[in-house]
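Novice: Just need the structure, nothing else, for what follows:
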Amino acid sequence: MLYSYIPSSIKCKVFGVELVGLSKDSIVTIERINEVNTFRKAQDGTHTAFTDFYGSYRVTFHIEQVSESNDFLHTIFKLHQRAGLNLVIPLDVEERIPSGGTRFTSFDTFFETEPVTEFTSASGARQWTFICNNASYQLNGTKDIGFLAESLRATIRLIELSDSAGIDLSNIEDMIDRGIDETQARLKNLF
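Specialist: From the prediction side, this is the model:
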């Protein structure tokens, strides 16, 4: 069953505070900065792939210039400058729908720069851009995907968030790896 996209279901938070006055045209942009895989070619022509499991993302919030969230973010920006890199900034983007929906969480977050300020005859949006390292990113549609897929997504998200918080769940990852290997072996035996 497909659900429709509702822009008001997007909730953006910094330090747990929900940002208000998000632009009607463009709310938030999430983009991976670096490649997932890089390749190295050997002299014999073979290739080796290296996977970056802990990518960095650029997250840009588009906030109307009249919104009080600009005051809040600029205060956090100034505090971040004063505190140096010791200030941990939690950032969260969530599409709240009954089933499905995208979720992005980062605790290793830094301001990229202050937004450009432009005064024109009409109110515009300011772009607040953050660099997020070691984030947990679950890109979903708005369709009910079923219990098994939802359980796998929840497990992966738990592992990503625990890595960000410095909690070692390698034993769970090992159990998942063994389960995948056993499933693959059984599938090979069927065919």
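Novice: can you give me the helices for this protein?
Specialist: Taking DSSP state H, the helices of the chain run over residues 69-83, 147-165, 170-190.
Novice: tell me the mean pLDDT over the longest one?
Specialist: Right, the one you point to is helix 170-190. Helix 170-190 carries an average pLDDT of 70.
Novice: try the second one
Specialist: Averaging pLDDT along helix 147-165 yields 67.
Novice: likewise the shortest one?
Specialist: The pLDDT scores in helix 69-83 average 90.
Novice: got the contact list for that helix?
Specialist: With contacts defined as CB atoms under 8 Å, 6 or more residues apart in numbering, helix 69-83 is touched by 14-15, 17, 19-21, 61, 63, 87, 89, 110-111, 114-115, 126, 128. Any C-beta I mention is one placed from the backbone N, CA and C, and that applies to glycine too.
Novice: from those, which is closest to residue 32?
Specialist: Nearest to residue 32 out of those is residue 110 (CB to CB; 15.9 Å).
Novice: burial of that closest one, as a residue count?
Specialist: 17 (other CB atoms under 10 Å).
Novice: Check the one 4 residues further on too.
Specialist: Using other CB under 10 Å, the number of residues around residue 114 comes to 14.
Novice: same thing with the one 10 residues further on?
Specialist: Residue 124: 17 surrounding residues under other CB under 10 Å.
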